[in-house]
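Student: Have a look; sequence and predicted model below, questions after that.
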Amino acid sequence: MRIYPGKIKAWAELMTLMSAGVIVVMSTAVLYNAGRTSGKAVSYAGVLLIAAVLIGIYRLITGGVDGRV
């Protein structure tokens, strides 16, 4: 498997999306435990995390930002 610059960029994007998503989910969970938000907000944050990860994986598989496979 060849490593193209687009793949490295797509991998970095995936890791950034996952990190940001985990931070958002954990923040909403803390707010939920503090009684500041509803359980629906935690659910929506989880769904957004899953969607962001799937988009990142798709970009990684399809060749990243350069479009090369």
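Tutor: Noted; the coordinates are in hand.

Student: Buried ones in the helix or strand hosting Ser19, by neighbour count?
Tutor: Using DSSP states H and E, Ser19 sits within helix 5-33. Buried residues in helix 5-33, counting neighbours by 16 or more other CB atoms under 10 Å, are found at 6-7, 10, 13-14, 17, 21, 24-25, 28-29, 32. Just so you know, the C-beta spots here come from the backbone N, C-alpha and C atoms, and that holds for glycine as well.

Student: immediately after it, which helix or strand?
Tutor: Once the chain leaves helix 5-33, the next helix or strand it forms, by DSSP H and E, is helix 39-61.

Student: Output that following helix in PDB, but only the C-alpha positions, please.
Tutor: Written as PDB, here are the backbone C-alpha positions of helix 39-61 (Å, rounded to 0.1, in the frame of the first residue of the first chain):
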ATOM      1  CA  GLY A  39     -30.300  13.300  27.800                       C
ATOM      2  CA  LYS A  40     -31.200  14.100  24.200                       C
ATOM      3  CA  ALA A  41     -28.200  16.400  23.900                       C
ATOM      4  CA  VAL A  42     -25.900  13.500  24.800                       C
ATOM      5  CA  SER A  43     -27.700  11.300  22.300                       C
ATOM      6  CA  TYR A  44     -27.300  13.900  19.500                       C
ATOM      7  CA  ALA A  45     -23.700  14.400  20.400                       C
ATOM      8  CA  GLY A  46     -23.100  10.700  20.000                       C
ATOM      9  CA  VAL A  47     -24.900  10.500  16.700                       C
ATOM     10  CA  LEU A  48     -22.800  13.400  15.400                       C
ATOM     11  CA  LEU A  49     -19.600  11.700  16.600                       C
ATOM     12  CA  ILE A  50     -20.600   8.500  14.700                       C
ATOM     13  CA  ALA A  51     -21.400  10.500  11.600                       C
ATOM     14  CA  ALA A  52     -18.100  12.400  11.700                       C
ATOM     15  CA  VAL A  53     -16.200   9.200  12.100                       C
ATOM     16  CA  LEU A  54     -18.000   7.600   9.200                       C
ATOM     17  CA  ILE A  55     -17.300  10.600   7.000                       C
ATOM     18  CA  GLY A  56     -13.600  10.500   8.000                       C
ATOM     19  CA  ILE A  57     -13.300   6.800   7.300                       C
ATOM     20  CA  TYR A  58     -15.000   7.300   3.900                       C
ATOM     21  CA  ARG A  59     -12.500  10.000   3.000                       C
ATOM     22  CA  LEU A  60      -9.700   7.800   4.100                       C
ATOM     23  CA  ILE A  61     -10.800   4.900   2.000                       C
END
